[in-house]
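Chemist: Pasting the sequence and the predicted coordinates here, then a few questions.
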Amino acid sequence: MAEHVGGVENGAEWEDLAVRTIRALAMDAVRKASSGHPGTAMALAPLAHVLFGRVMDFDPSDPTWADRDRFVLSAGHASILLYSMLHLTGYDLSLEDLEAFRQLGSRTPGHPEVGMTPGVEVTTGPLGQGLANAVGLAIAERQLRAQYGEDLCSHRTWVVAGDGCLEEGISHEAASLAGHLGLGRLVCIYDDNHITIDGPTELALSDDAAERFRAYGWQVIELGEVANDLDAIEEGLRQAMAEEDRPSLVILRSHIGFPSPAFTDSPLAHGNPFPPEEIAITKELMGLDPERSFVVPSDVLEGYRTATQRGRDAHEAWRARRDAAGETGSAFTEQMAGDLSAAISAPLTSFETGSSIATRRSFAACLADTAPLLPGLVSGSADLTENTGTDLPAGLAQSMADPSGRQVYFGIREHAMAAAMTGMALHGGILPIGGTFFVFSDYMRGAIRVAAISDAKVIYVFTHDSIGVGEDGPTHQPIEQIASLRAMPGLSVVRPADANECAVAWRAALEADGPVALILSRQNLPVLAETAALAPEGLPDGGYVLAELGDGDLALTIVSTGSEVSIALEAAGVLSAEGITTRVVSMPCMEWFVAQSPSDQESILPSGVPTLSVEAGTTFGWGGLADRSLGIDRFGASAPGPEVFAYLGVTVDGVVTEARALLAELA
């Protein structure tokens with residue numbers, strides 16, 4: 001191990017003071033909050049200074065400038081490092097905000113959250129997610145650069161990842177994809193500090209990260225023991241910038257907690273505030289006043305204002321190029337703003353009543369019809385492109401050879417696919433669609449959750465939505481997945497009943513805020529006359545009356561989703577013939593329905609009328625809307641789909657039997 005010294009090698013005098021200031025802020029903020037992770041922020045202060053003070057292009061006066069460099073702190077636990085840099089470089093983040101670190105309502109939450117803090121590009125914290133988000137950001141940049149030219153889009157994506165990020169499985173998926181695509185504008189700095197919460201990384205890790213990333217097709221730059229050498233760090237980053245055909249991994253050997261005498265290279269520096277006496281000792285060692293906290297010298301602020309002029313000049317030059325580009329510049333601006341109006345206002349794709357088509361197939365038709373109206377559309381799947389209907393007509397594959405391609409072949413990498421989609425959406429200018437079998441949404445759940453927290457505009461296409469998968473059996477038949485996703489705040493889960501509902505669901509997904517999951521069938525479903533007439537107005541409310549059969553007073557409501565709606569309609573016919581007036585409600589999106597006013601909900605599901613829910617999945621979650629539920633509270637079985645439906649009782653007879661039992665019970 002190299003000898004640790006108190007100063008920072010090279011650089012102007014203000015830069016040396018800046019690095020010491022960043023380290024002091026990390027200790028002060030975590031100490032005041034009695035919570036946080038000071039050690040990594042202290043160790044990476046020189047790196048952060050080089051990135052924000054010497055290398056990256058950004059404009060704090062306009063944090064959403066379209067062609068800014070994107071910075072992702074995948075090691076999101078070191079958030080105080082990012083917040084300190086945002087404050088120092090002039091973003092709308094005050095010193096008081098730093099003092100409110102991790103407090104209720106503050107703009108400096110425990111982990112970076114997009115939309116809460118200006119300058120934060122993606123929400124990070126779950127390790128590895130940020131690295132995969134960065135892959136999506138880099139895909140978006142390259143696709144837009146190919147579409148509009150370097151005058152309008154030409155920037156880099158920078159990501160700082162730690163040992164934990166590289167250990168998580170998602171990093172393997174994401175790095176493999178990035179290397180295959182040759183994302184040359186992506187640079188990942190690996191903070192190789194050899195420390196995790198449990199102790200030295202050697203307790204559980206013996207990977208050769210350099211060789212691993214070389215095998216993925218990355219350029220690897222091993223900087224070694226230069227974590228305190230500003231010029232050496234800059235040289236390594238600029239070497240990465242010179243590589244256009246491969247993503248770059250810059251490995252920086254740092255020492256967590258440096259320069260604390262007691263906590264350098266200690267696991268205790270990771271997630272614990274330093275004792276006040278250790279903070280004082282460390283500040284004295286750095287030549288700072290041990291009695292003062294949250295001190296930012298004017299020389300440091302002035303230095304950063306001068307250093308960041310580069311980004312402001314680049315922004316002004318870009319603005320001139322955009323204005324000179326005329327209609328092309330206007331189109332780029334509209335696309336970056338997320339304008340989907342042309343597709344939203346287009347006529348709905350329609351399907352012939354009485355025909356039979358799987359909703360995954362009807363979705364493919366809808367996608368084909370609207371793709372020309374969505375210049376920012378990027379569609380792909382986890383090796384199931386045709387199966388999930390996510391293939392674009394004459395879609396060119398996104399690749400190093402054809403960076404304009406809008407068809408992304410993610411490979412069998414569901415988790416990285418979902419996280420990369422979040423990065424694409426948050427970049428701006430891209431509407432990402434990603435498909436896989438519904439049961440494999442489990443592999444994506446961590447990334448879907450971050451997308452929901454981020455309010456990212458992504459559309460997941462989950463097909464093979466039920467026991468209708470058939471012969472593939474329990475491992476491929478989703479049971480609990482729909483309830484699991486419905487439990488996630490901020491995610492709209494939409495399961496259309498037939499092709500015409502699917503067409504309306506696609507348009508509603510384009511109009512919706514935040515992420516949407518479309519849950520589509522493998523098997524053919526009858527195209528219903530009722531949905532053709534009523535879905536355009538009813539589906540956006542989440543649930544609507546599809547039919548009411550019988551002549552007497554309403555005696556029963558059957559509420560259903562997806563492929564079971566047609567079964568419910570048939571069952572209602574049987575019940576009405578017995579003198580039981582029955583209403584059938586299609587409930588494609590429970591989240592949208594419960595967002596309606598109580599009176600609107602009452603008009604659809606009257607509280608005084610017994611209600612039976614019917615869905616080929618777990619009954620969990622239906623208790624708030626139904627008095628009794630017909631569903632599947634076990635795993636499925638391997639057999640042809642219709643046989644599995646019959647075996648598990650999700651049939652017309654099964655619905656009729658449950659309806660009679662409910663009415664008898666309440667009588």
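Modeler: Everything's here; your move.

Chemist: Hmm, residue 410 and residue 398 touching each other?
Modeler: No. Between residue 398 and residue 410 there is no contact under CB atoms under 8 Å: 9.7 Å. Where you see a C-beta, it was placed from the backbone N, CA and C, and this is true even at glycine.

Chemist: Common neighbours of these two, please.
Modeler: residue 380 (CB atoms under 8 Å, 6 or more residues apart in numbering).

Chemist: Going along the chain, name the helices of the stretch 551-667 of the chain.
Modeler: 564-577, 590-594, 598-604, 641-647, 652-666 (DSSP state H, counting those that start in this stretch).

Chemist: Who are the packing partners of the last one?
Modeler: Secondary structure elements in contact with helix 652-666, counted by 3 or more CB pairs under 8 Å, 6 or more residues apart in numbering; DSSP states H and E, are strand 556-560, helix 564-577, strand 611-614, strand 628-630.

Chemist: Give me the sheet partners of the third one and which way each runs.
Modeler: So that's strand 611-614. Next to strand 611-614 in the sheet, as set by DSSP bridges, lie strand 556-560 (parallel), strand 628-630 (parallel).

Chemist: Would you reformat those as TSV and include distance to residue 32?
Modeler: As requested, those are exported to TSV (distance: least, CB to CB, whole Å):
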stretch	distance to residue 32
strand 556-560	52
strand 628-630	51
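
Chemist: any idea which of the ones you listed is most buried?
Modeler: strand 556-560 (a mean of 27; mean count of other CB atoms under 10 Å).

Chemist: average pLDDT for it?
Modeler: Average pLDDT, strand 556-560: 98.

Chemist: swap in stretch 179-194?
Modeler: On average, stretch 179-194 scores 98.

Chemist: likewise stretch 30-44?
Modeler: Rounded mean pLDDT across stretch 30-44 is 98.

Chemist: Quick check: buried residues in it?
Modeler: 30-33, 36-44 (16 or more other CB atoms under 10 Å).

Chemist: now swap in stretch 228-239 and tell me
Modeler: 228, 229, 230, 232, 233, 234, 236, 237.

Chemist: my read: the last one touches residue 252, true?
Modeler: No. With contacts counted by CB under 8 Å, residue 237 stays clear of residue 252, the gap being 9.8 Å.

Chemist: Residue 570 and residue 436, how far apart?
Modeler: Here residue 570 is placed at a distance of 31 Å from residue 436 (CB to CB, to the nearest Å).

Chemist: Neighbour count for these two, which is higher?
Modeler: residue 436 (28 against 16; other CB atoms under 10 Å).

Chemist: Make sure the more buried one is indeed in a helix.
Modeler: No. Read with DSSP: H, G, I helix; E, B strand; the rest coil, residue 436 is strand and lies in no helix.

Chemist: Against residue 563, how distant is it?
Modeler: Distance from residue 436 to residue 563, by CB to CB: 19 Å.

Chemist: Same question for residue 485.
Modeler: 17 Å.

Chemist: Now do the strands in the stretch 51-200 of the chain.
Modeler: Taking DSSP state E, counting those that start in this stretch as the test, the strands found in the stretch 51-200 of the chain are 70-73, 157-162, 186-192, 195-196, 199-200.
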